[in-house]
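**Student:** next input, structure requested:
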Amino acid sequence: MRTTITVALLICTFISFGFYPIDGYERSRIVRLLDIQERIDKGEKYTRIPTGAYASINDIKLNLTDIASKNMDDILTEDAEFAKKINRLFPGNGYSAAVLDITNPDSLKYAAFRENVGYQPGSVGKIAVLNALFTELEKIYPDDFEARIALLCNKRVSSGIWGVGDHHTIPIYDPKKKTLVKRQVIASDEFTLFEWADHMVSVSNNGAASVCYREAMLMSAFGKDYARLSEEDAKKYFEETRRDSLTLYANRVVNDPLRKLGITEDDWRLGGVFTNGPDKYVGRMGGSTGSPKGLMKWLVQLEQGKVIDSSSSLEMKRLLYSTDRRIRYAQSKKLDSARVYFKSGSFYSCDKSKPGHCGEYAGNKFNYMNSVITVEHPNGKKYIVCLMTNVLSKNSGTAHMYLASQIDDAITKE
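**Tutor:** Alright, predicted model coming up:
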């Protein structure tokens with residue numbers, strides 16, 4: 001087994017010094033990145049991402065490691081003057097936010113607006129799955145981060161019923177034919193763990209999130225034997241284990257790592273997988289909720305290198321950086337030249353008996369839209385924003401984008 005891991009490391013080790021995620025293929029073997037890299041190498045203009053998305057991998061660092069021991073309560077204490085400037089930007093009910101200026105780690109500035117109000121986190125909850133995946137990797141290889149990366153690169157798993165049923169498409173690149181197609185996940189799709197994680201984060205695919213959730217459960221259940229676990233034995237595990245036991249186990253696998261970080265159940269919890277196919281095996285438990293403060297606690301500790309360990313924190317930050325494109329909050333032109341580490345999520349519902357317009361991302365029953373982002377400007381200005389909204393009958397994507405510009409001005413034009 002050790003020989004296998006060593007060989008895998010030779011395949012996956014990062015050997016280039018260009019741009020990330022453009023040359024991220026050399027490190028991760030995420031095949032969609034090869035398409036972008038080859039286009040750039042041929043001199044083609046790639047406009048799907050702005051200039052800020054072409055940072056060197058060596059430039060992606062954790063910002064708060066020098067204050068890793070600083071207490072969270074001290075960090076998230078409002079700066080009165082900063083809070084006054086930031087909070088006046090929010091319209092009122094239906095909005096909640098937490099904003100932290102981390103430009104100077106020795107003089108952090110925090111502003112909070114209804115920061116403890118809970119919202120259905122939608123796809124922002126996929127960060128909890130990412131956290132669970134890296135938590136279980138650390139348990140398997142506690143003293144060998146390179147072995148964790150090797151497992152992500154080389155362990156291939158199929159979708160099965162877990163990955164189907166989501167309207168979000170995934171990019172599939174064929175290196176031999178030099179063709180890229182975008183389509184929904186099908187049951188026979190097989191990708192590496194790294195690719196499934198990328199599909200979960202970069203294009204927010206629900207099926208990929210459920211697959212990653214499943215693999216985190218299997219890692220937890222099989223430990224060091226997971227690397228050799230066959231798909232037949234994995235399926236047998238779910239078929240032969242009681243559904244109520246699997247439901248409880250799933251809940252613990254994804255939520256216990258959050259509790260370890262001091263993020264309470266009311267701060268942030270995930271109630272189940274993101275697709276309906278696995279319902280035959282795993283039920284939902286406790287519902288999903290998130291608050292700006294709870295999400296901020298995770299992002300701050302990521303920057304401190306405390307989410308599992310510094311290497312895991314950095315790798316998760318890289319995955320949040322290599323988004324397929326910038327949408328909603330991150331689409332603000334003010335952020336084009338900045339490095340952003342971003343996840344957005346939405347969840348809405350229509351009720352014909354209720355007044356008001358209702359449509360896609362514009363529910364009149366509930367209409368959650370959430371954005372979490374770390375922004376790093378070339379001039380050194382850095383900050384974190386967790387924004388959660390529930391504004392009925394209106395697609396809040398544009399509102400998030402405009403608010404992003406206002407918050408950026410308030411922080412960068414001091």
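
**Student:** helix, strand, or coil at the most centrally placed residue in the chain?
**Tutor:** Closest to where the C-alpha atoms of the chain average out (Cα atoms, centre = their mean) is residue 127, at 3.8 Å. For residue 127, the assignment made with DSSP: H, G, I helix; E, B strand; the rest coil gives helix.

**Student:** which pLDDT value belongs to the residue nearest to it when sequence neighbours are not counted?
**Tutor:** The shortest distance from residue 127 to any non-neighbouring residue, by Cβ to Cβ, 6 or more residues apart in numbering, is to residue 343 (5.7 Å). In this view, the C-beta of every residue, glycine as well, is placed from N, C-alpha and C. At residue 343, the predicted lDDT confidence score is 95.

**Student:** and for the one 5 residues further on?
**Tutor:** Reading off the confidence values, residue 348 has pLDDT 88.

**Student:** same check, this time on the one 5 residues further on
**Tutor:** With respect to pLDDT, residue 353 scores 87.

**Student:** same question, residue 4
**Tutor:** In the prediction, the pLDDT value recorded for residue 4 is 40.

**Student:** tally of neighbours for the residue nearest to residue 127?
**Tutor:** For residue 343, the count of nearby residues is 27 (other Cβ atoms under 10 Å).

**Student:** secondary structure class for it?
**Tutor:** Secondary structure of residue 343, reduced to three states by three-state DSSP: strand.

**Student:** mind listing what it touches?
**Tutor:** In this structure, residue 343 makes contact with 123-124, 126-127, 201, 204, 320, 371-373, judged by Cβ atoms under 8 Å, 6 or more residues apart in numbering.

**Student:** repeat that for residue 209.
**Tutor:** Contacts of residue 209 were listed using Cβ under 8 Å, 6+ apart, and they are 123, 126, 129, 200, 273-275.

**Student:** could you rerun that using 6 Å?
**Tutor:** Under the criterion of Cβ atoms under 6 Å, 6 or more residues apart in numbering, the neighbours of residue 209 are 126, 129, 200, 274.

**Student:** what's the burial count for the first one?
**Tutor:** Going back to what we said before, that points to residue 126. Residues contacting residue 126 under the criterion other Cβ under 10 Å number 25.

**Student:** can you show me the strands along the stretch 1-150 of the chain?
**Tutor:** Under the criterion DSSP state E, counting those that start in this stretch, the stretch 1-150 of the chain carries strands at the ranges 95-101, 109-113.

**Student:** among the ones you listed, which is the most enclosed?
**Tutor:** Comparing the strands of the stretch 1-150 of the chain on average neighbours per residue, with mean count of other Cβ atoms under 10 Å, the densest one is strand 95-101 at a mean of 24.

**Student:** please enumerate the helices of the stretch 101-250 of the chain.
**Tutor:** Secondary structure of the stretch 101-250 of the chain by DSSP state H, counting those that start in this stretch: the helices cover 126-140, 145-154, 193-202, 206-222, 231-240, 243-260.

**Student:** switch those over to CSV; also include mean pLDDT and distance to residue 377.
**Tutor:** Rendered in CSV, the data for the helices of the stretch 101-250 of the chain read as follows (pLDDT from 0 to 100; distance: least, Cβ to Cβ, whole Å):
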stretch, mean pLDDT, distance to residue 377
helix 126-140, 98, 23
helix 145-154, 95, 29
helix 193-202, 96, 22
helix 206-222, 98, 30
helix 231-240, 97, 44
helix 243-260, 98, 29
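
**Student:** looking at the contacts of residue 343, which is nearest residue 71?
**Tutor:** Set against residue 71, the nearest of these by Cβ to Cβ is residue 372 (21.7 Å).

**Student:** now the closest one: which helix or strand?
**Tutor:** Assessed by DSSP states H and E, residue 372 sits inside strand 366-376.
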